[in-house]
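A.B. asks: The following comprises the amino acid sequence and a computationally predicted model.
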Amino acid sequence: MLLTRIKGPRDLDRLGKEELDQLAAEIRSFLVDAVSKTGGHLGPNLGVVELTIALHRVFDSPKDKILFDTGHQAYVHKLLTGRQDFGGLRTKGGLSGYPSRAESEHDVIENSHASTVLGWADGFAKANEVLGREDHHVAAVIGDGALTGGMAWEALNNIAAAKDRPLVIVVNDNERSYGPTIGGLANHLATLRTTDGYERFLARGKDLLERTPVVGKPLYETLHGAKKGLKDFIAPQGMFEDLGLKYVGPIDGHDIEALESALQRAKRFGGPVIVHCLTQKGRGYEPAVQDEADRFHAVGVIHPDTGLPVKTAAASWTSVFADEMVKLGKERKDIVAITAAMLQPVGLKKFADAYPDRIFDVGIAEQHGATSAAGLASGGVHPVFAVYATFLNRAFDQVLMDVALHKCGVTFVLDRAGVTGDDGASHNGMWDMSILQVVPGLRLAAPRDAEQLRAQLREAVAVQDAPTVVRYSKGVVGPAVPAVGRVGGMDVLRTPAPEVTRPDVLIVSVGALAPMCLEIAALLDKQGITSTVVDPRWVKPVDEALAPLADGHRVVVTVEDNGRTGGVGAAVSQALRDAGVDVPLRDFGIPQRFLDHALRKEILAEIGLTAPDIARQVTGLVAKLDGRYDTEPTAVVD
């Protein structure tokens with residue numbers, strides 16, 4: 001096999017055209033076989049095989065910087081830079097699903113949030129200029145989907161201002177992000193795809209006109225001199241050239257020879273150039289090509305021959321939300337939905353199918369989505385903006401100054417909240433409950449099970465004068481966790497025996513960690529430590545009934561799937577201080593550091609966010625209060 005002989009990018013230099021085509025076929029076979037066993041981003045990588053080969057033949061990585069926006073299309077790049085052990089892809093100790101500086105000097109940036117690569121490229125190109133590195137080049141690969149993000153256009157505005165600063169922008173145009181790309185830019189690129197380019201027009205015209213006596217040659221030269229007008233008329237790439245960016249394309253993104261030629265021209269140009277490449281997401285794998293939803297953008301473990309999942313998926317948090325949104329849409333005609341280019345992943349496809357006039361896909365533009373939601377709310381409807389928890393970070397200013405300041409009734413639904421695991425540091429939704437704590441008037445719900453998700457979503461959309469947030473985990477939704485009582489607006493999940501007048505510990509359980517908190521209480525009970533477990537349901541603002549309840553216990557413990565700094569534990573601590581309740585509090589959550597990719601349960605074990613770990617520490621805390629400093633609570637481990 002040719003692939004096994006590729007140990008680094010320069011090994012590509014000695015391959016001829018037929019060998020390169022063979023290598024591309026081998027890479028596709030490898031990807032289907034490997035990713036079907038582990039899960040991962042299959043469709044995007046199948047679409048960039050030839051493009052990645054061409055990039056590494058034209059540019060000299062790592063001296064030249066090859067940058068990938070989002071990074072989920074970097075599997076081919078990994079293979080060509082000596083990383084061909086995909087057996088542990090996206091698992092602990094294995095390859096990351098995104099570029100990783102820890103893995104290779106060829107991985108320059110680790111971004112896996114979209115629309116950022118052009119900012120990085122602009123910075124690298126400026127650094128080359130400042131340091132006089134004329135033999136260094138920068139090539140940034142950005143998808144047509146990522147070009148819907150405002151950051152990309154902010155960067156383009158800066159890049160275009162320097163006419164003589166070399167930088168190659170490769171637009172990987174597959175008409176999709178997760179699903180089909182939408183918006184005015186998508187329509188413009190579609191025109192470029194389907195319109196015969198002016199260069200071919202002139203090539204055909206030249207032969208005809210040069211054979212025309214007297215007027216033929218002057219007329220051709222006049223037409224050639226008027227090429228800007230012709231380009232706008234025949235192939236309207238003028239939008240890029242009006243910005244001051246040289247445009248090359250469209251290029252067949254699966255023709256290595258054509259790609260190399262275009263990239264070489266762009267590399268030699270000496271200024272910013274856009275190379276527009278047309279690729280097919282999922283290319284070479286029929287199940288992916290036939291998948292209209294997202295062309296196998298991301299898959300779990302599948303049968304390689306059929307593309308079907310190996311296991312039937314159980315009900316997920318996302319699917320519960322999806323079904324309830326359809327019901328709400330039927331009951332209330334003022335309910336509308338917003339997605340940032342992730343209709344399917346966030347569970348809004350069913351709503352879109354049922355109510356196509358009430359769904360708005362803003363592209364990869366969370367900031368715009370939040371402010372547009374404020375406008376929708378002010379216009380008399382109630383928008384539900386469903387977005388991954390980690391991506392709401394990008395729209396904080398808009399949530400604060402556009403939605404909250406204007407008291408707009410907007411509901412943000414945060415999917416993939418807390419530790420998500422295999423996608424790595426950028427995708428863990430561990431920041432939202434800290435960031436949103438500072439937003440005045442905002443209410444934040446953390447449902448513990450499917451029933452509570454349905455109920456709290458309904459409570460959220462009933463609020464018309466403030467932003468509301470409902471956040472939930474990734475993956476399968478667990479069994480129902482029934483309440484045994486209620487204090488204020490909080491559900492009581494467990495109480496000590498009736499004869500206990502002052503229980504030892506109040507456990508404040510946040511969201512999907514309710515089963516863990518009940519397990520902690522059971523382990524404490526084995527140590528003779530009594531406890532109450534409550535679910536606040538709405539963690540912001542802190543329920544007024546919590547302080548007097550805490551005052552009836554010796555210790556308060558908070559457990560949350562969020563960063564400890566500024567999270568629910570910090571808010572509860574402040575509320576107790578404000579109420580004059582002087583009870584020791586211990587908060588358990590995610591440490592404020594970037595977490596490596598691994599299974600969720602492995603990460604929770606690594607950071608000590610498990611029932612035995614927490615029970616052991618709480619037992620030690622109670623022992624100190626009792627003056628029993630030598631206690632070794634080993635019995636809490638089952």
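C.D. replies: Nice, thanks for sending it over. None of the values given here were measured: they were computed from a predicted structure.
A.B. asks: which residues does residue 281 contact?
C.D. replies: By C-beta atoms under 8 Å, 6 or more residues apart in numbering, the residues touching residue 281 are 43, 44, 46, 47, 174, 175, 176, 288, 295, 297. Bear in mind the C-beta positions are built from the backbone N, C-alpha and C, glycine included.
A.B. asks: now, among the residues you listed, which is nearest to residue 392?
C.D. replies: Among these, residue 297 lies closest to residue 392 (C-beta to C-beta), at 20.5 Å.
A.B. asks: Neighbours of the closest one, how many?
C.D. replies: Using other C-beta atoms under 10 Å, residue 297 has 22 neighbouring residues.
A.B. asks: Averaged pLDDT, the helix or strand where residue 618 lies. What do you get?
C.D. replies: Under the criterion of DSSP states H and E, residue 618 resides in helix 611-626. Helix 611-626 comes out with an average pLDDT of 92.
A.B. asks: what helices or strands is that helix leaning on?
C.D. replies: Helices and strands touching helix 611-626, by 3 or more C-beta pairs under 8 Å, 6 or more residues apart in numbering; DSSP states H and E, are helix 514-526, strand 555-563, strand 585-590.
A.B. asks: what's the closest of these to residue 321?
C.D. replies: Per C-beta to C-beta, nearest to residue 321 of those: strand 555-563, 17.1 Å.
A.B. asks: if we look at the following helix or strand past that closest one, which residues are touching it?
C.D. replies: With elements assigned by DSSP H and E, the helix or strand that comes after strand 555-563 is helix 568-578. Applying C-beta under 8 Å, 6+ apart, the external contacts of helix 568-578 come out as 433-434, 437, 446, 508, 510, 536, 539-540, 542, 546-547, 550, 556, 558, 560, 562, 564, 582-583, 585, 587-589.
A.B. asks: could you give the angle of helix 568-578 to strand 585-590?
C.D. replies: 160 degrees (axes from the mean of the first three to the mean of the last three C-alpha atoms, to 10 degrees).
A.B. asks: residues of helix 568-578 that come out buried?
C.D. replies: 568, 569, 570, 571, 572, 573, 575, 576 (16 or more other C-beta atoms under 10 Å).
A.B. asks: what is the orientation angle of that helix with strand 555-563?
C.D. replies: Using the same axes, to 10 degrees: helix 568-578 against strand 555-563 is 140 degrees.
A.B. asks: show me what contacts residue 412?
C.D. replies: By C-beta under 8 Å, 6+ apart, the contact list for residue 412 reads 370, 385, 386, 387, 392, 399, 467, 468, 469, 470.
A.B. asks: confidence score at it?
C.D. replies: For residue 412, pLDDT reads 98.
A.B. asks: Name the secondary structure element that contains it.
C.D. replies: Element membership of residue 412 [criterion: DSSP H and E] is strand 411-415.
A.B. asks: In its sheet, which strands sit next to that strand, and in what direction?
C.D. replies: strand 382-388 (parallel), strand 468-471 (parallel) (DSSP bridges).
A.B. asks: Please, where are all the helices along the stretch 51-200 of the chain?
C.D. replies: Ranges of helices in the stretch 51-200 of the chain, per DSSP state H, counting those that start in this stretch, are 75-80, 117-130, 150-159, 184-194, 198-210.
A.B. asks: I figured residue 74 hits residue 96, correct?
C.D. replies: No: counting by C-beta atoms under 8 Å, residue 74 does not reach residue 96; the two are 9.0 Å apart.
A.B. asks: Please identify which of these two sits among more neighbours.
C.D. replies: Between residue 74 and residue 96, residue 74 has the larger neighbour count (other C-beta under 10 Å), namely 27 against 24.
A.B. asks: Just want the phi and psi numbers for the more buried one.
C.D. replies: Note on residue 74: backbone dihedrals following degrees, to the nearest 10 are phi -100, psi 10.
A.B. asks: quick one: pLDDT of it?
C.D. replies: 91.
A.B. asks: ok, it - contacts?
C.D. replies: 45, 68, 98, 99, 107.
A.B. asks: if we go to 7 Å?
C.D. replies: Neighbouring residues of residue 74 by C-beta atoms under 7 Å, 6 or more residues apart in numbering: 68, 98, 99.
A.B. asks: Columns pLDDT and neighbour count on top of those, output as a markdown table?
C.D. replies: Below are those laid out as a markdown table (pLDDT from 0 to 100; neighbours: other C-beta atoms under 10 Å):
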| residue | pLDDT | neighbour count |
| --- | --- | --- |
| 68 | 93 | 29 |
| 98 | 85 | 27 |
| 99 | 88 | 25 |
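A.B. asks: Which of the residues you listed fall within strands?
C.D. replies: residue 68 (DSSP state E).
A.B. asks: Closest to residue 365 out of the contacts of residue 74?
C.D. replies: Among the contacts of residue 74, and counting by C-beta to C-beta, the member closest to residue 365 is residue 68, at 19.8 Å.
A.B. asks: List the residues that contact the closest one.
C.D. replies: The contact partners of residue 68, by C-beta under 7 Å, 6+ apart, come to 74, 77, 99, 117, 141.
A.B. asks: Need the nearest residue in space to the fourth one, chain neighbours excluded.
C.D. replies: So the one you mean is residue 117. What sits nearest to residue 117 in space, not counting adjacent residues and going by C-beta to C-beta, 6 or more residues apart in numbering, is residue 69, at 3.6 Å.
A.B. asks: Counting neighbours, what do you get for that neighbour?
C.D. replies: 31.
A.B. asks: Residue 44 too?
C.D. replies: Neighbours of residue 44 (other C-beta under 10 Å): 32.
A.B. asks: With only the CA atoms kept, save the helix or strand it falls within in PDB.
C.D. replies: Element membership for residue 44 (DSSP H and E) is helix 43-46. Extracted C-alpha coordinates of helix 43-46, given in PDB (Å, rounded to 0.1, in the frame of the first residue of the first chain):
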ATOM      1  CA  GLY A  43     -18.100  12.800   5.700                       C
ATOM      2  CA  PRO A  44     -16.000  16.000   5.900                       C
ATOM      3  CA  ASN A  45     -12.700  14.000   5.600                       C
ATOM      4  CA  LEU A  46     -13.900  11.900   2.700                       C
END
